[in-house]
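[1] Have a look at this prediction, sequence included:
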Amino acid sequence: MKFEAIKKETVMLMPQKEPALQRTPSEIRIDPLTGRTARICHFMKLAWEKPDFETLVAGTDAWCPFCGEKVHQLTPCFPEDLIAEGRMQKGDMVIFPNMAPYDSIGAVAIFGARHYIPMTEFTPSHMASAFGFTLDFFRRVAASGHPESVYHIVNWNYMPPAGSSLIHPHLQVFSSSSAPYLMQLELDASRRYFEQNQSTFWDDLVAAEKAGGERYLKQIGRTHWMTAYAPMGVAGDVLAVVEDARCTLDLTEPDLIDLATGLSCVMAEYDKMGIYSFNMNFFTGTAADGHFRFHLLFSPRTFFSQALGTPDVGALRNLFNETVCMAYPEEINTMLKAAF
Ligand SMILES: [Zn+2]
């Protein structure tokens, strides 16, 4: 396992300071699996001002399509050959087709009737139950023999900075034969790694991170938590790899609880930095991908300038797909470890 980085230094003269010569380090990290590059630079204290949530949320329930009876009136239904009852329901959680689908089978799962749930109020049992509900949906898709029943993916955009246009907490749920770009890169690179090394990259990564210790957080059941070596988020990424699980449908009930427990720890610590928004994606292979391990990636989202609404994605990330993280993942690990 090679953790490579190209170290750089910027030399500046700061006329108002003594000494005027300032040296600012930065580095370009190379993802050990895909070769994707990630910049660790633009250093700042990971502390943000949270908005006034009462003002932010006020009135948004009035036009929320997921609130109250509207979720049963305004949302579409699945065709009968896929989900005969139209929408799936479990308690107050509902799964229905995504009106703006990204693929043939695109659904939305709402966490329940509550319109606004602060990040720190998601309990492990609630999140595990929501994930379990999406697995029920995926099993129905698989049982229908649909050709798109290949990769079963859950994405979570929590709150507007992460790309959510609604406050009401929900998951993006889709089954697809077309792996998203970065997941496909990982699948291809994992296969190559397996052929070259006769071992699974993900098992080797867990072993290396566990031995190294500076990015490993904790093992919870079969899930291994760590800060990503080459993160995509400006405040780092947290990775959870599930031992022996190749795909979403390999996840057991205890795995879902363990994943949800780890997530709640991560959320609690990022909350202390003023973060209140995140993306979370499932990365999955198929049941036949012995070279792959199911993992989820949690990536906090924020603004470069909250006052101006400047997002944390600029030209470097958007057009070069070159990422920027504003602290060393090893330091972020120290900050997150408190919760684990
Ligand atoms: Zn709502």
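    The structure has been received and is ready for your questions. Numbers count the residues shown, from 1 in each chain.
[2] CA only for contacts and neighbour counts going forward, please
    Will do.
[3] What are the contacting residues of stretch 90-97?
    Stretch 90-97 has contacts (CA atoms under 8 Å, 6 or more residues apart in numbering) with 71, 75-78, 86-89, 105-113, 130, 133-134, 137.
[4] buried residues in it?
    Judged by neighbour count (16 or more other CA atoms under 10 Å), stretch 90-97 contains these buried residues: 93, 94, 95, 96, 97.
[5] Selecting buried members of the contacts of stretch 90-97 in PyMOL, what would you type?
    With 16+ other CA under 10 Å as the criterion, this PyMOL line picks the buried residues out of those:
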select buried, resi 71+75+77+78+86+87+88+105+106+107+108+109+110+111+112+113+130+133+134+137
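[6] Name the SS class of the residue of the stretch 151-300 of the chain found nearest the ion, please.
    Per CA to the ion, residue 168 is where the stretch 151-300 of the chain lies closest to the ion, at 4.4 Å. Following DSSP: H, G, I helix; E, B strand; the rest coil, residue 168 is assigned to coil.
[7] I'd like to know which elements the helix or strand bottoming out on mean pLDDT in the chain is packed against.
    Each helix and strand of the chain was given a mean pLDDT (mean pLDDT, DSSP states H and E); the minimum falls on strand 303-305 at a mean of 90. The contact analysis (3 or more CA pairs under 8 Å, 6 or more residues apart in numbering; DSSP states H and E) places strand 303-305 against strand 310-311.
[8] and the next element down the chain from the strand it packs on?
    helix 315-320 (DSSP states H and E).
[9] got a list of contacts for that following helix?
    322, 323, 324.
[10] Contact partners for the first one?
    For residue 322, the set of contacting residues under the criterion of CA under 8 Å, 6+ apart consists of 37, 38, 39, 316.
[11] Return the members of the residues you listed classed as buried.
    By neighbour count, with 16+ other CA under 10 Å, the contacts of residue 322 hold 37, 38, 39 as buried.
[12] picking up where we left off before, from the contacts of stretch 90-97, which land in helices?
    Counting by DSSP state H, the contacts of stretch 90-97 place 71, 130, 133, 134, 137 in helices.
[13] What parts of this structure come near the ion?
    61, 64, 66, 67, 115, 168 (CA under 5 Å from the ion).
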